[in-house]
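>>> next come a sequence and a model predicted from it.
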Number of protein chains: 2
Amino acid sequence: MENPILHLNKIFESRIRLGVMSILMVNDAVNFNDLKQMLELTDGNLASHLSTLEESGYLKVHKGFIGRKTNTTYSITKAGEKAFKNHLLALENMIKSVK
Amino acid sequence: MENPILHLNKIFESRIRLGVMSILMVNDAVNFNDLKQMLELTDGNLASHLSTLEESGYLKVHKGFIGRKTNTTYSITKAGEKAFKNHLLALENMIKSVK
């Protein structure tokens, strides 16, 4: 039996980072509060996972304004999309190997 | 969009625990060294994850002998099988939501 976790990406080990990437795969840009609500998280918890993903080059941050209020949005990078697709493929293969 | 990680089980967040459960789903009992080789891990790393899974009630330990040498094997419990299947289902739904 091949090592079932060989191709799994350690960055996507956390459920929260899995959730963030899933949302950003199907949305062009999502702001902090919407991510926080969808994933039912605290500010601090979400912020730390977002910076891990940013440091990995898997998402980019855009600081804009709505009126005079800051509006920070997040979107997936090409590298992030590629890495996440590979991770999902490895998960699918692992799931198949168990059925 | 529903919270994509709502039904993911925190115990299976670690790739190593994912790997252990995948192997035990398709093998009745596997000994420590075979798990260690298949998952390419150190003793300490594997041992800590196995005890987390045991404390969760998801796997059981059987201490036997081969000749005079101890042979510790691990197998999945009914609760482990059920929990892992639910986790894989949640992963599959998350993957589908991204396609």
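Thanks, I have it. Numbering: from 1, shown residues only, chains lettered A, B, ... in the order given.
>>> CA only for contacts and neighbour counts going forward, please
Fine.
>>> stretch A:32-45 and chain B in contact?
Yes: under the criterion of Cα under 8 Å from any Cα of the partner chain, chain B is reached by stretch A:32-45 at A:M38, A:L39, A:E40.
>>> which of these lies closest to B:V30?
A:L39 (36.5 Å; Cα to Cα).
>>> chain B contacts on chain A?
A:1-6, A:8, A:10, A:13-16, A:18-19, A:22-23, A:25-26, A:38-40, A:88, A:92, A:94-95, A:97-98.
>>> now with 7 Å?
Contact residues (Cα under 7 Å from any Cα of the partner chain) of chain A with chain B: A:2-5, A:13-15, A:19, A:22, A:25-26, A:38-39, A:88, A:95, A:98.
>>> widest-spaced pair of these?
It's A:E2 and A:M38 that sit farthest apart of the residues of chain A next to chain B, by Cα to Cα, at 35.8 Å.
>>> which one of these two is surrounded by more residues?
Comparing A:E2 with A:M38 by other Cα atoms under 10 Å in any protein chain shown, the one with more neighbours is A:M38, at 17 against 10.
>>> any idea how far the more buried one is from B:H62?
Computed with Cα to Cα, to the nearest Å, the distance linking A:M38 and B:H62 is 42 Å.
>>> go on, A:K99?
25 Å.
>>> name the residue in these two with the higher neighbour count.
Neighbour totals were compared for A:K99 and B:H62, and B:H62 leads with 13 against 9 (other Cα under 10 Å).
>>> how about the secondary structure of that one?
strand (DSSP: H, G, I helix; E, B strand; the rest coil).
>>> what sits against the residue nearest to it when sequence neighbours are not counted?
Excluding the flanking residues, the one nearest B:H62 by Cα to Cα, 6 or more residues apart in numbering or on different chains is B:T73, at 5.2 Å. If you count contacts by Cα atoms under 7 Å, 6 or more residues apart in numbering or on different chains, B:T73 has them with B:A29, B:V30, B:N31, B:F32, B:V61, B:H62, B:K63.
>>> nearest to chain A among these?
If you rank those by distance to chain A using Cα to the nearest Cα, B:V30 comes first, at 12.2 Å.
>>> burial of that closest one, as a residue count?
Neighbours around B:V30, by other Cα under 10 Å: 20.
>>> all strands of chain A, in order?
Here chain A has its strands, by DSSP state E, at A:30-31, A:59-66, A:69-76.
>>> now distance to A:S48 too, for these, in TSV please.
Below are the strands of chain A laid out as TSV (distance: least, Cα to Cα, whole Å):
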stretch	distance to A:S48
strand A:30-31	15
strand A:59-66	13
strand A:69-76	14
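>>> could those be laid out in a markdown table, adding mean pLDDT and distance to B:K82?
Formatted as a markdown table, the strands of chain A follow (pLDDT from 0 to 100; distance: least, Cα to Cα, whole Å):
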| stretch | mean pLDDT | distance to B:K82 |
| --- | --- | --- |
| strand A:30-31 | 95 | 34 |
| strand A:59-66 | 92 | 34 |
| strand A:69-76 | 92 | 34 |
